[in-house]
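**Q** Kindly generate the corresponding structure for this input.
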Amino acid sequence: MSLSIAAWSYSYFLWQVSPDRESALFWCRMLSAAAVFIPVCTFRFVLSILNKRDFLQKALVLFGCSLSAIFVVLSFTPLIVKDIRPKMSFSFWPDAGPLYILYLVLFFGYVLYGAFLMINQYHLLSSSGKNQTKYVLLAFLLGFTGGATNFPLWYNINMLPVGNILVAVHVCIITYAIARYRLMDVTLAVTRTGIFIAVYTLVLGLPFAAAFSFKNLLGDYFGPSWWIWPLGLMAVLATSGPFLYIYLERKAEDRLLKEQRRYQETLKQASVGMTRIRDLRRLLDLITHIVTKTVRIAYAAIYLYDAESDQFLLQVCRDKGRTPMAKLTSHNPLVTWISLKREPLLYEEIKRKMQDTKEEVFKLLEENMRLLFASVIVPSFLEDRFMGFIVLGEKVSGKIYSREDLDVFQVLASQAALAIENAQFYEETKQMQEQVAQAEKMATIGTMADGLSHQINNRFYALSLIAGDTLDTIKTADTSKCSPEVREMIEQVNHALDRIQSNVIQGGEVVKGILKYTRKGEEGFAALTLDQILDGTLEMVQYKIKLSEVDIVRSYPKDTPLIKGNQVQLQEVFFNFIDNAYDAIVERKTMLEEKGYRGRITVFAAAKEENLEIIIEDNGMGIKDDFSKKVFTPFFTTKTSSRKGTGLGLYVIRRIIADIHKGKISFESAYKVGTRFVVELPLAE
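**A** This is a model prediction of the structure:
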């Protein structure tokens, strides 16, 4: 495009400074021959920056090149430039030939269609593409509007070509866009231009050389029609020229982009194989290793979203000499920007926007990318879920990241999201299996409770007998003749035996409570008061938690209606409620360190149609929104340590309430505020 504009400009200059009519006519026709390639080259340029490769557009380029080659030949005949004569202030100005109107249709048709494509595709482009297109559109508006001021005088409309200066502005704007907004790979562009010059020098030069060199010889053989043969040769070469250009261009690109295409193909293959890796750490190490070694990048890191902390945490990085940020919150401007735009982010673009616009958001983005040592950030999405992002440093070679690079990285990131999801699911499955095994162990212990309690009670009974017999022996013994030291020792032994008997009694009560708790369903369904259930629950739960650290508030009337249920199973339900509430209270107390805070568990109850609605409310840590849909899922736990629970409690509770008692259960929770469970149980008849 720039070459054709340059050829037009130089011909224009030589036409204006021509000393005679013959030379002015020649350079005017050279100007037309050069200008005819401007529209088709401009159209090809538009397709390149829009990355359009449709068959129709390719066909239009080939058609335009062939038609332009024909118009080059016609430019040296009166069909395009009819004659030249003085007009207005010009010594020599051309008159339009009969086919010049077709020349104008070709010119404006391709330019306007290219502008239409840019406007139509603008909203689909990346931020980088929008910047590029914005400058190209501005250049087109100025350059072609300015150049069009030449045409009226061709048809004897007295209007001076005052807009010619804007053609130079057009070139300057395009040059600025190339340098500042990475409009193209300059090496590749120069190579393509060189191929274009070589091909069309052959297409146009060979017929002219044949005409001038063999004019006399051709005249002797073919007479006055000798010029048909050079024209036919030009037509043949003009038809084959575009295909030759495409072939040579492809070969040159294969050579120039050999290394780039090699690593792009490697990354594509690696992205397919990643989904077979189940170990998350090994997967992340593999991704960074492949990227850094294949593309030869100085630095790479991967951040993944952690729902529990609501942060993006650094999982792995290569190049230990750098210390990047370990985490970014979900409200970080960089994270917010990426999640909204869903496209790779380039540091150089953000830096330029920061300098150009002075907007605060670009300043924050630039600062975060600098702290991450990021030349490019590639987001990883699984459908609409933002999984994380890959940070890439600068290339060791110093080359820029091309659009093809970014496309491949996006494919890699998409495949990585799927592979990471698979690896995380596999790890969760392993944990689930471990929890199932632990739950089975606990269930086995429950089935052994009868035998264990019998054995423990026998030991307690033996200890009680031994302590009682010893106390009786001491009481009947005459200690009057013993020394004061011995009498004091006997009193201490007597006190110790009393304590043993007291603890034996307490131990027996504990065993009785465990046995009562594990014998599910033996008592069947009966009419129960809420106090009966709570009293039994508190009797059991006191051996696991410190009831003195929380307030248990019964906020319901004494005449609350009776419910129909299994006492042991309902005690298990309330045991879990109180146990979970206590853990949430301890977590809030530890994490928030609120002055004057004290845990509180409140139980409300009121009749609701044929059910009794019971509300168990605490002022503990609460549950995050992300976890709300999972609380009744088997093996899901919100407890701070996986050793404190298997995640079966609320799942079992729902089965007891909904399946066994034909009731309802729901919950509400606000993080750092508290949780409320609402249970509906049928009333006793």
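**Q** Pull the number of nearby residues for Ile80.
**A** When counting by other C-beta atoms under 10 Å, one arrives at 24 neighbours for Ile80. (Glycine included, C-beta is placed from N, CA and C.)
**Q** From Ile38, how far off is it?
**A** According to C-beta to C-beta, to the nearest Å, Ile80 and Ile38 sit 15 Å apart.
**Q** Could you do Tyr245 as well?
**A** 17 Å.
**Q** And the two? Which one has more around it.
**A** Neighbour comparison, Tyr245 and Ile38: the larger count goes to Ile38, with 24 against 19 (by other C-beta under 10 Å).
**Q** In the strand or helix carrying the more buried one, which residues are buried?
**A** According to DSSP states H and E, Ile38 maps onto helix 37-50. Neighbour counts over helix 37-50 (16 or more other C-beta atoms under 10 Å) mark 37-47, 49-50 as buried.
**Q** Show me what the nearest residue to Asp531 once chain neighbours are set aside bridges to in the sheet.
**A** Closest residue in space to Asp531, ignoring its immediate chain neighbours: Arg554 at 7.6 Å, by C-beta to C-beta, 6 or more residues apart in numbering. Counting by DSSP bridges, Arg554 forms beta bridges with Val603.
**Q** burial measure for Arg554, as a count.
**A** 15.
**Q** again with Ala59
**A** Ala59, neighbours per other C-beta under 10 Å, totals 10.
**Q** in the stretch 451-600 of the chain, which spans are strands?
**A** According to DSSP state E, counting those that start in this stretch, the stretch 451-600 of the chain carries its strands in the segments 525-528, 550-555, 563-566, 599-608.
**Q** just checking, what packs against the last one?
**A** Using 3 or more C-beta pairs under 8 Å, 6 or more residues apart in numbering; DSSP states H and E as the contact criterion, the secondary-structure elements in contact with strand 599-608 are helix 530-541, strand 550-555, helix 567-592, strand 611-618.
**Q** thinking again about what came up before, quick one, which of the strands of the stretch 451-600 of the chain is packed in tightest?
**A** Among those, ranked by average contacts under mean count of other C-beta atoms under 10 Å, first place goes to strand 563-566 (a mean of 22).
**Q** And it, what does it pack against?
**A** Checked by 3+ C-beta pairs under 8 Å, 6+ apart, strand 563-566 has strand 525-528, strand 674-682 packed alongside it.
**Q** what about 10 Å?
**A** strand 525-528, helix 530-541, helix 567-592, strand 611-618, strand 674-682 (3 or more C-beta pairs under 10 Å, 6 or more residues apart in numbering; DSSP states H and E).
**Q** So which of these is nearest Thr201?
**A** Nearest of the helices and strands packed on strand 563-566 to Thr201, taken as C-beta to C-beta: helix 567-592 at 76.5 Å.
**Q** quick check: angle from the closest one to helix 530-541?
**A** Interaxial angle, helix 567-592 versus helix 530-541 (axes from the mean of the first three to the mean of the last three C-alpha atoms, to 10 degrees): 60 degrees.
**Q** residues of helix 567-592 that come out buried?
**A** Buried, per 16+ other C-beta under 10 Å, within helix 567-592: 567-589.
**Q** Ok, stretch 26-36 next?
**A** Across stretch 26-36, burial judged by 16+ other C-beta under 10 Å covers 26-36.
**Q** what's the offset of that stretch from the middle of its chain?
**A** Remark: stretch 26-36 is offset 53 Å from the chain centroid, using C-alpha atoms, centre = their mean, to the nearest Å.
**Q** likewise stretch 603-611?
**A** The answer for stretch 603-611 is 47 Å, by C-alpha atoms, centre = their mean.
**Q** before we move on, back to that, okay if I get the buried residues of helix 37-50 as CSV plus distance to Leu371?
**A** Output for the buried residues of helix 37-50, formatted as CSV (distance: C-beta to C-beta, whole Å):
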residue, distance to Leu371
Phe37, 49
Ile38, 47
Pro39, 48
Val40, 48
Cys41, 44
Thr42, 42
Phe43, 44
Arg44, 42
Phe45, 38
Val46, 38
Leu47, 39
Ile49, 32
Leu50, 34
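**Q** Between those, which sits nearest Arg278?
**A** Closest approach between the buried residues of helix 37-50 and Arg278, by C-beta to C-beta: Leu50, at 41.2 Å.
**Q** Could you measure from the closest one over to Leu346?
**A** Following C-beta to C-beta, the distance that separates Leu50 from Leu346 is 19 Å.
**Q** Can I get the host helix or strand of Ser68 in CSV, CA atoms only?
**A** Using DSSP H and E, Ser68 sits within helix 55-74. Provided in CSV are the C-alpha atoms of helix 55-74 (Å, rounded to 0.1, in the frame of the first residue of the first chain):
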residue,chain,number,x,y,z
PHE,A,55,-12.9,-17.0,0.6
LEU,A,56,-14.9,-14.0,-0.7
GLN,A,57,-12.3,-11.5,0.5
LYS,A,58,-9.4,-13.6,-0.9
ALA,A,59,-11.2,-13.8,-4.3
LEU,A,60,-11.8,-10.0,-4.2
VAL,A,61,-8.0,-9.4,-3.7
LEU,A,62,-7.1,-11.7,-6.6
PHE,A,63,-9.7,-10.1,-8.8
GLY,A,64,-8.6,-6.6,-7.8
CYS,A,65,-4.9,-7.4,-8.5
SER,A,66,-5.8,-8.8,-12.0
LEU,A,67,-8.0,-5.9,-12.8
SER,A,68,-5.4,-3.4,-11.6
ALA,A,69,-2.8,-5.0,-13.8
ILE,A,70,-5.1,-4.5,-16.8
PHE,A,71,-5.7,-0.9,-15.9
VAL,A,72,-1.9,-0.4,-15.7
VAL,A,73,-1.8,-1.2,-19.4
LEU,A,74,-4.8,0.9,-20.2
